[in-house]
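> show me the folded form of this:
(one chain, ligands or ions: 2)
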Amino acid sequence: MSAALEAVPAGPLAPESLLRRVFGHAGFRGRQAEIVQHVMAGGSGLVLMPTGGGKSLCYQVPALCRPGLGVVVSPLIALMEDQVAALRQQGVAAAALHSELDEAAQRDVRQGLARGTLKILYVSPERLTLETTQARLAEQPLALFAIDEAHCVSQWGHHFRPEYRALGMLAARFPGVPRLALTATADPRTVEDIRAQLGLADTPVFRGGFDRPNITISAAPRESERGQLRGFIRAAADGTGAGIVYCGTRARAEQTAEWLRGDGYDALCFHAGMPPEEKRAAHRRFARGDAVIMTATIAFGMGIDRPDVRWVCHLDLPRSPESWYQEIGRAGRDGLPAQALLLYGGGDIALARQRIAASPAPDEQKRIERARLEAMVSIAEAATCRRRILLRCFAEDGPEQCGACDICRDPPSLFDGTVAAQKLLSSVLRTRLPSGSHFGAGHVVDVLRGKLTPKVAQFAHDTLSVFGIGKELSEQGWKGVARQLVAAGALDVDLDQHGALVPTEAARPILKGEQRLMLRAEAPAAIAASRGRPRPAAAGAPPAPADDALFEVLRAWRKAEAEAQGVPAYVIFHNETLAAIAAARPADTEALALIPGVGRSKLERYAGAVLRVVREAE
Ligand code: ADP
Ligand code: ZN
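Ligands and ions are numbered 1, 2, ... in the order given. The predicted model follows:
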């Protein structure tokens with residue numbers, strides 16, 4: 001590499017210049033500038049930003065601008081490796097230190113440290129808390145510590161990692177070195193816990209905007225799960241990028257991967273029960289494949305760095321808006337349109353409630369979990385803009401209507417469901433057996449609609465006064481009423497009794513006519529999946545990549561290049577950069593350098609090849 005094009009110069013560089021020169025970005029976004037300035041001045045703090053919000057630059061830029069080594073704590077080896085690969089592409093002397101390096105690689109890192117040639121070091125918490133590592137770090141100037149995925153320090157979060165606890169010692173052991181913790185978790189209790197554990201209680205919290213306008217969000221009752229998922233994938237996938245299906249259990253994740261493969265998709269599976277090497281292999285294939293689908297439990301989370309996840313589908317109700325938002329936030333990090341679909345049923349809601357009730361957790365924690373779950377239910381059953389309800393969970397006020405959720409695009413009609421609810425609740429009560437057991441929604445609805453099934457005959461339910469009093473609604477309409485009564489807490493679902501509907505105290509005022517109930521009408525085809533390709537978000541969302549032959553040729557070139565180097569494709573250039581190149585058709589290096597995402601190092605590496613591809617495609 002010639003000295004003139006060295007991406008990271010030896011002398012100090014202002015953050016804005018470095019951002020342009022190394023990362024090829026025109027300017028900071030949101031609160032990045034403020035955070036970078038704070039750390040440049042030696043300050044510590046906590047950064048809360050949604051996934052895709054741009055947390056990495058908050059520590060990478062000051063690490064490169066301040067004298068000394070930037071140390072980044074990261075919980076996952078796959079994540080570290082991809083970040084290191086991306087930084088090296090940008091001409092940054094970066095390395096990772098973790099338990100799986102071979103002897104030679106470890107020696108390289110040690111030498112880099114000893115010679116002071118490394119600028120950014122990713123390290124696992126286990127390694128960092130070793131005395132030998134700390135002694136080595138203490139011998140050199142340090143630019144900062146960044147603690148990525150900082151919610152791992154908190155027992156309140158879903159990803160508690162005991163090793164993270166030990167990071168509290170950094171403050172005492174390395175006084176004067178700024179410590180920046182970063183997470184996408186915004187839940188107040190976890191936030192306070194992170195600050196306390198990491199000794200950041202007296203430092204500022206930087207909360208970035210939580211809205212992700214390029215992700216269109218939808219939710220629908222689960223009717224024909226496979227059909228709904230198939231339709232959604234067809235509408236959301238564009239043959240590139242990746243998709244994620246989140247499942248409530250390991251078995252469901254495995255089965256879903258299997259039938260998707262049967263459909264001809266390149267579907268992988270990931271859950272905590274798999275051996276580590278299989279998990280790592282799945283991670284790698286996910287990071288590199290085009291049109292690859294990961295079906296997973298929530299164990300698949302951290303380390304999903306690829307910016308072109310085009311869609312995320314949940315087959316089961318997540319336990320809180322925080323986890324749902326974090327999971328769907330993995331889509332569309334490149335800022336291009338992405339889709340999220342949530343499928344759920346009344347059974348999910350009941351099961352989640354029962355799990356909390358039966359858990360041995362302290363009451364205080366159960367109360368919090370219950371509140372989170374109910375917030376999630378209200379998002380799933382929303383009759384007004386879903387994004388607005390979601391953002392309110394993060395104490396953010398969105399516009400009345402976001403224009404990029406299923407409700408805004410196709411508002412559901414509401415009807416006075418008081419009489420329907422009374423009919424359904426009466427049918428539940430009248431069909432109760434002398435033993436006290438109840439029937440499930442299927443049978444209750446058959447009775448309402450006056451359907452003479454063998455089960456109806458067996459229990460002589462055709463002789464009940466409620467038999468056939470509900471012909472005004474379809475079967476699906478009645479199931480919708482039942483589900484909404486479950487969501488409203490007037491019915492419970494007894495999962496030990498094959499999903500029997502059991503009325504609760506809250507059913508009483510409805511039956512007595514003391515409470516009016518507005519319900520959502522279930523349109524016959526009211527599933528997001530069948531609505532075809534969603535229109536791009538009205539405002540705020542950038543345009544999709546130019547539908548251009550040149551874009552495809554550039555992608556093919558990038559794929560070959562990535563394979564030759566053994567790195568993920570986005571590490572070479574993001575889709576948005578390729579799209580910008582395809583649109584601008586730069587004729588020379590100067591023109592190429594103006595494209596966002598093209599820094600010095602990439603220019604040096606790829607200008608020749610890219611300009612040739614552009615020229616030949618004329
Ligand atoms: P996070 O770690 O918060 O999930 P990343 O740091 O990976 O998010 O950033 C998400 C995406 O946004 C990346 O593709 C990154 O290149 C891009 N990005 C971040 N900051 C900027 C910026 N100032 N200008 C342009 N792109 C940016
Ligand atoms: Zn909306």
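> could you check how many residues crowd around residue 114?
12 (other Cβ atoms under 10 Å). Every C-beta, even on glycine, is put in place using the N, C-alpha and C of the backbone.
> what's the one helix or strand it maps to in contact with?
Taking DSSP states H and E as the definition, residue 114 sits inside helix 103-115. Outside helix 103-115, the residues within contact range by Cβ atoms under 8 Å, 6 or more residues apart in numbering are 69, 93, 95, 96, 97, 101, 118, 121, 136, 137, 140.
> so the fifth one makes contact with residue 126?
It stands for residue 97. No. In this structure, residue 97 is not within contact of residue 126 by Cβ atoms under 8 Å, at 10.2 Å.
> comparing these two, which residue is more hemmed in?
Neighbour totals were compared for residue 97 and residue 126, and residue 97 leads with 23 against 15 (other Cβ under 10 Å).
> please name the nearest non-neighbouring residue to the more buried one.
residue 123 (4.6 Å; Cβ to Cβ, 6 or more residues apart in numbering).
> quick check: the one you found vs ligand 1, distance?
Distance of residue 123 to ligand 1, computed by Cβ to the nearest ligand atom, to the nearest Å: 17 Å.
> residue contacts, that residue?
Under the criterion of Cβ under 8 Å, 6+ apart, the neighbours of residue 123 are 71, 72, 73, 74, 80, 96, 97, 98, 133.
> hmm, back to that, return the set of buried residues in the helix holding residue 114.
Within helix 103-115, the residues that count as buried by 16 or more other Cβ atoms under 10 Å are 109, 112, 113.
> same question, stretch 451-460
Result for stretch 451-460 [16+ other Cβ under 10 Å]: buried residues 451, 456.
> so how far is that stretch off the chain centroid?
46 Å (Cα atoms, centre = their mean, to the nearest Å).
> go on, stretch 408-417?
The answer for stretch 408-417 is 28 Å, by Cα atoms, centre = their mean.
> would you mind listing the buried residues in that stretch?
For stretch 408-417, the neighbour count (16+ other Cβ under 10 Å) marks 408, 409, 412, 417 as buried.
> so whatever residue of the stretch 151-300 of the chain ends up closest to ligand 2: helix, strand or coil?
Nearest residue of the stretch 151-300 of the chain to ligand 2, counting by Cβ to the ion: residue 217, 7.7 Å away. Following DSSP: H, G, I helix; E, B strand; the rest coil, we place residue 217 in the strand state.
> can I assume it is in contact with residue 407?
No. Using Cβ under 8 Å, residue 217 is not in contact with residue 407, being 9.1 Å away.
> and the contacts of residue 123, which is closest to residue 35?
Comparing the contacts of residue 123 against residue 35 with Cβ to Cβ places residue 72 closest, at 14.9 Å.
> what helix or strand is the closest residue to residue 198 other than its chain neighbours on?
Distances taken as Cβ to Cβ, 6+ apart place residue 181 nearest to residue 198, at 5.4 Å, with adjacent residues excluded. Take DSSP H and E as the rule and residue 181 turns out to sit in strand 179-183.
> right, and the helix or strand after the strand or helix carrying residue 257?
According to DSSP H and E, residue 257 maps onto helix 250-262. Following helix 250-262 in sequence order, the next helix or strand is strand 266-270 (DSSP H and E).
> which other helices and strands does that following strand contact?
Contacts defined by 3 or more Cβ pairs under 8 Å, 6 or more residues apart in numbering; DSSP states H and E place strand 266-270 against helix 250-262, helix 276-288, strand 292-296.
> what parts of the stretch 301-450 of the chain come near ligand 2?
Residues of the stretch 301-450 of the chain lying near ligand 2 by Cβ under 5 Å from the ion: 385, 387, 402, 405, 408.
> which residues touch the third one?
With contact taken as Cβ under 8 Å, 6+ apart, residue 402 is in contact with 213, 385, 386, 387, 388, 408.
> distance check, it against residue 396.
Per Cβ to Cβ, to the nearest Å, residue 402 is found 12 Å from residue 396.
> and for residue 385?
Per Cβ to Cβ, residue 385 is found 13 Å from residue 396.
> so these two - more neighbours on which side?
With neighbours defined as other Cβ under 10 Å, residue 385 and residue 396 compare such that residue 385 has more, 22 against 14.
> need the pLDDT of the more buried one.
pLDDT, residue 385: 92.
> now do the contacts for it.
Neighbours of residue 385 in contact, by Cβ under 8 Å, 6+ apart: 398, 400, 401, 402, 405, 407, 408.
> which residues does the closest residue to residue 177 other than its chain neighbours form beta bridges with?
Sequence neighbours aside, residue 142 is the residue nearest to residue 177 in space, at 4.6 Å (criterion: Cβ to Cβ, 6+ apart). On the basis of DSSP bridges, residue 142 is bridged to residue 69.
> what is the burial count for residue 142?
Applying other Cβ under 10 Å, we find 19 residues neighbouring residue 142.
> and for residue 290?
Neighbour count of residue 290, defined by other Cβ under 10 Å: 13.
> go on, residue 552?
15.
> swap in residue 196?
Residue 196 has 13 nearby residues by other Cβ under 10 Å.
> I figured residue 611 hits residue 585, correct?
No. Using Cβ under 8 Å, residue 611 is not in contact with residue 585; the gap is 9.9 Å.
> higher neighbour count, these two?
Using other Cβ under 10 Å, the more surrounded residue of residue 611 and residue 585 is residue 611, with 18 against 14.
> what about that one, helix or strand, and which?
Following DSSP H and E, one finds residue 611 within helix 600-616.
> so which elements touch that helix?
Taking 3+ Cβ pairs under 8 Å, 6+ apart as the contact cut, helix 600-616 packs with helix 77-89, helix 549-565, helix 589-593.
> and the second one, C-alpha only, in PDB?
Pointing back at helix 549-565 there. Extracted C-alpha coordinates of helix 549-565, given in PDB (Å, rounded to 0.1, in the frame of the first residue of the first chain):
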ATOM      1  CA  ALA A 549     -28.400  -4.600 -15.300                       C
ATOM      2  CA  LEU A 550     -25.300  -2.900 -14.100                       C
ATOM      3  CA  PHE A 551     -26.300  -3.400 -10.500                       C
ATOM      4  CA  GLU A 552     -26.600  -7.100 -11.200                       C
ATOM      5  CA  VAL A 553     -23.200  -7.300 -12.900                       C
ATOM      6  CA  LEU A 554     -21.700  -5.400  -9.900                       C
ATOM      7  CA  ARG A 555     -23.200  -7.900  -7.500                       C
ATOM      8  CA  ALA A 556     -21.900 -10.800  -9.500                       C
ATOM      9  CA  TRP A 557     -18.400  -9.200  -9.400                       C
ATOM     10  CA  ARG A 558     -18.800  -8.600  -5.600                       C
ATOM     11  CA  LYS A 559     -19.800 -12.200  -5.000                       C
ATOM     12  CA  ALA A 560     -16.800 -13.600  -6.800                       C
ATOM     13  CA  GLU A 561     -14.500 -11.100  -5.000                       C
ATOM     14  CA  ALA A 562     -16.000 -12.100  -1.600                       C
ATOM     15  CA  GLU A 563     -15.700 -15.800  -2.300                       C
ATOM     16  CA  ALA A 564     -12.100 -15.300  -3.400                       C
ATOM     17  CA  GLN A 565     -11.300 -13.500  -0.100                       C
END
